[in-house]
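Chemist: predicted model, plus sequence, below.
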Amino acid sequence: MATDDTTYRWVKDGALGPGRMRYGADYNPEQWPREVWQEDVRLMREAGVNIVSLGIFSWALLEPRPGEWDFGWLDDVMDLLHANGIDVDLATATASPPPWLAKRHPEILPQTIDGTTLWPGSRQHWRPTSPVFRAHALRLTRALAERYADHPALVAWHISNELGCHNLYDFSDDAARAFRVWLQDRYADLDALNEVWGTAFWSQHYGEWDEILPPRAAPTQRNPGQQLDFERFSSDAVRDHLRAENAVLAEVTPGVPRTTNFMVAQNVRDIDYASWVDDVDFVSNDHYLRPGEQGRDDLSFWANLTGNLSGGRPWFLMEHATSAVNWRAVNPPKRPGELVRDALTHVGHGADAVCYFQWRQSRAGGERYHSGMLPHAGADSRVFRDVVDLGTQLRDLAVVTGSRRERARIALVFDYESWWVSGRDSHPSESPAYDVETLRWYRALLDLGVRVDVVPVSTDLDGYELVLAPLLHVVPAALRDRLTGFVEAGGHLVTTFFSGVVDEHDRVWLGGYPGALRSLLGITVEEFAPMLPDERGALSTGAEVRDWSERIARIEPDVEVVASYRGGDLDGAPAITRRRAGLAGGSATYVSAAIDRRAAKELLHDLGRDIPALTPDPLAAGGSVDVIVRTGRGGRYVFLANRTDDEVAVAAAGDLIAGAARRDRDDALVVAPRGVAVVAQTRDALPA
Ligand code: GLA
Ligand code: GLA
């Protein structure tokens, strides 16, 4: 990744990078007769499409028989696109191996936790650790790189596709071998591993490395340390595949930027993308809207995290949907305005490219009911009209490209390992979910009307005024020290229940909860008190509690009780505490219960009395608008995303450069229901 402020490694002769917003989709012409390709490029031009991801699932047609290449059709597509001014993010095509490979080498097929083989007939039926698969994938990667190295349409490489989407957890013998190597690398000796996995428990002590297996289906609860290391290993194993393809491309086409599409979203939680960022020239991400009331904020949350994984630098939205997907239980279409709103919200969080899965909705295959830019109904359709409209708006937003997400004063920490571990079985409760809890606090901040950065836990917290770390369950000593240092330097920390409880091996910190954070927070919890599904509790503030409460048995003399439990066994016990720490005016707040979003907002509002970062932004119109800001050489661009189904009037100065909004008689900006208005506030006024 580029480390300086202004350059991207993804600029290749100006073909990809600042200057114009990228717009396009996955393009799968192999699903259609050639006549259709002509109509495709005509309509792509009409929509303003300037880039497509090509060849993602083409292996079986590019190498119909072992070692026999058929690049002719792809040559024609590349030429056709280039002739029409459309650039190509060319896939290495390794995501879905052809049937002949599985027939010849069934040992590439992944195995699930209970030993079930995942057969061909779908996609991604390969073991990330299979040396046989790896060799074939690299052969294809090299052949494509050599063939298209100098093709004028090629502007970026798309390595595999959504690595680990379906095959992240493979429990095969290949995986077992690779897992042992990974463990030897991490622990060097077996005694160390036995110690941190706590193998004295249930007679699990290992005497030889080759006794260790992936945590396959077992009679009952599996070893938590083994599970966590297997999750880390699996994330790394798929990254190794990325690195292997990357190395071939770097050798053959060193000047062409490389990426792979992340899934920084709720669908796949088990990849630690913060550790992948240095392996791509630019971050790209896929996101699919969650239907329902929280969907918009959920999109904003993940786009926000993606922008911060990318270090504030622009990134590439590789896939989202124009309307419905096909893989949830119920797949409603997008509501009017949502197609443009979703795209512009991603742009606000730093996307300089807006792409979809996929260009033309498939006629056959498992994704035939998944929306595309060009639906089954054809170009005379609501979706295609919206697609053309968005293309126009993205042209108007060219000025925004190259600018960065403007840093907020509040950080919401997102920790992949706390996500994995807090959701483990054999816990006090299955109910609290890390992604739900973090989203709840994000929404409470938006409700209050303040801006926040969702940041990976490894982010340097210096410079933030307030850090929220909900359900920060896994706290190694180094993280404890960082958070303590942050508060001692004058920062404010808010954390919630079940935080600080375990170390990096999922071993409990002793002496009472919240373990590693106990002395920073100045409290001791002796017992968790999770609640049954239909149970409800209350706090002195009126907040409703469900799912989780805790008995705070002791507080230090300098700890203030902000709220207590009302009723039930915990009646009168402290529920929310705050300790002012250090001479620099910092504080550490603990919320021991799962409180609702309204109560979270009220708490933040009250904390705002001495945390200026919690002062609502007038542009947020009382929480109706999600205010997202990018800044760059050309100016400051404020994205005002209407969170409601009604018009919202905002007293926003500046030029309206895109979006669904108008100025009213009083010169207020009226943002349409579910609309996003983009305002350039100080264009050309910032120092160069
Ligand atoms: C993922 C894949 C695409 C497609 C979409 C459907 O993002 O990368 O190939 O399957 O899901 O939503
Ligand atoms: C059974 C087992 C014990 C222990 C308890 C836990 O009784 O015999 O080893 O696992 O369950 O409830």
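Modeler: Thanks, I have it. Ligands and ions are numbered 1, 2, ... in the order given.
Chemist: list the contacts for the closest residue to ligand 1 within the stretch 101-250 of the chain?
Modeler: Nearest residue of the stretch 101-250 of the chain to ligand 1, counting by CB to the nearest ligand atom: Glu162, 4.2 Å away. For glycine as for every other residue, the C-beta is placed from the backbone atoms N, C-alpha and C. Residues in contact with Glu162 (CB atoms under 8 Å, 6 or more residues apart in numbering) are Ala95, Asn261, Met263, Val268, Asp286.
Chemist: now narrow those to whatever sits close to ligand 1.
Modeler: Asp286 (CB under 6 Å from any ligand atom).
Chemist: ok, the contacts of Glu162 vs Ile410, which is closest?
Modeler: Distance to Ile410, by CB to CB, is smallest for Met263 among these, at 25.7 Å.
Chemist: thinking Leu448 is in contact with Leu604, fair?
Modeler: Yes. Contact criterion CB atoms under 8 Å: Leu448 and Leu604 qualify, at 5.3 Å.
Chemist: got any residues that touch both of these two?
Modeler: Common contacts of Leu448 and Leu604 (CB under 8 Å, 6+ apart): Leu614.
Chemist: hmm, back to that, out of the contacts of Glu162, who's the most crowded?
Modeler: Within these, neighbour counts (other CB atoms under 10 Å) peak at Asn261, which reaches 28 neighbours.
Chemist: excluding chain neighbours, what is closest to it?
Modeler: Met318 (4.1 Å; CB to CB, 6 or more residues apart in numbering).
Chemist: the one you found: how many residues sit nearby?
Modeler: Counted by other CB under 10 Å, the residues lying close to Met318 total 29.
Chemist: cool, Leu305 as well?
Modeler: Counted with other CB under 10 Å, Leu305 comes out at 24.
Chemist: can you show me the CA trace of the helix or strand where it lies as PDB?
Modeler: Secondary structure assignment for Leu305, by DSSP states H and E: helix 295-309. What follows is helix 295-309, C-alpha atoms only, in PDB (Å, rounded to 0.1, in the frame of the first residue of the first chain):
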ATOM      1  CA  GLY A 295     -29.500  -1.700   6.600                       C
ATOM      2  CA  ARG A 296     -28.500   1.800   5.700                       C
ATOM      3  CA  ASP A 297     -26.500   2.400   8.900                       C
ATOM      4  CA  ASP A 298     -25.000  -1.100   8.500                       C
ATOM      5  CA  LEU A 299     -23.700  -0.100   5.000                       C
ATOM      6  CA  SER A 300     -22.300   3.100   6.400                       C
ATOM      7  CA  PHE A 301     -20.600   1.100   9.200                       C
ATOM      8  CA  TRP A 302     -18.800  -1.300   6.900                       C
ATOM      9  CA  ALA A 303     -17.900   1.300   4.400                       C
ATOM     10  CA  ASN A 304     -16.500   3.400   7.200                       C
ATOM     11  CA  LEU A 305     -14.300   0.400   8.400                       C
ATOM     12  CA  THR A 306     -13.200  -0.200   4.800                       C
ATOM     13  CA  GLY A 307     -12.100   3.400   4.500                       C
ATOM     14  CA  ASN A 308     -10.100   3.100   7.600                       C
ATOM     15  CA  LEU A 309      -8.600  -0.300   6.700                       C
END
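Chemist: whatever helix or strand comes next after that helix to helix 295-309, inter-axis angle?
Modeler: The helix or strand immediately downstream of helix 295-309 is strand 315-319, counting by DSSP H and E. With axes from the mean of the first three to the mean of the last three CA atoms, to 10 degrees as the basis, strand 315-319 and helix 295-309 are set at 130 degrees to each other.
Chemist: which residues are contacting strand 315-319?
Modeler: 10, 22, 26, 53, 89, 158, 259, 261, 282-288, 306-307, 343, 346-347, 350-357.
Chemist: only C-alpha atoms, please: export it in CSV.
Modeler: Only the C-alpha atoms of strand 315-319 are listed here, as CSV (Å, rounded to 0.1, in the frame of the first residue of the first chain):
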residue,chain,number,x,y,z
TRP,A,315,-10.6,2.4,-2.2
PHE,A,316,-12.5,0.5,-4.8
LEU,A,317,-16.1,-0.7,-4.2
MET,A,318,-15.8,-3.9,-6.3
GLU,A,319,-19.2,-5.3,-5.8
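Chemist: what angle do the helix or strand that it is followed by and strand 315-319 make?
Modeler: Using DSSP H and E, the next helix or strand after strand 315-319 towards the C-terminus is helix 338-348. Helix 338-348 and strand 315-319 are oriented at 150 degrees to each other (the same axes, to 10 degrees).
Chemist: pLDDT on helix 338-348, on average?
Modeler: What helix 338-348 shows for mean pLDDT is 98.
Chemist: hmm, that helix in reach of ligand 1?
Modeler: No. Helix 338-348 lies out of reach of ligand 1 by CB under 6 Å from any ligand atom, never closer than 13.6 Å.
Chemist: for that helix, name the packing helices and strands.
Modeler: helix 295-309, strand 315-319, strand 351-356, helix 382-396, strand 625-632, strand 635-642, strand 655-659, strand 676-680 (3 or more CB pairs under 8 Å, 6 or more residues apart in numbering; DSSP states H and E).
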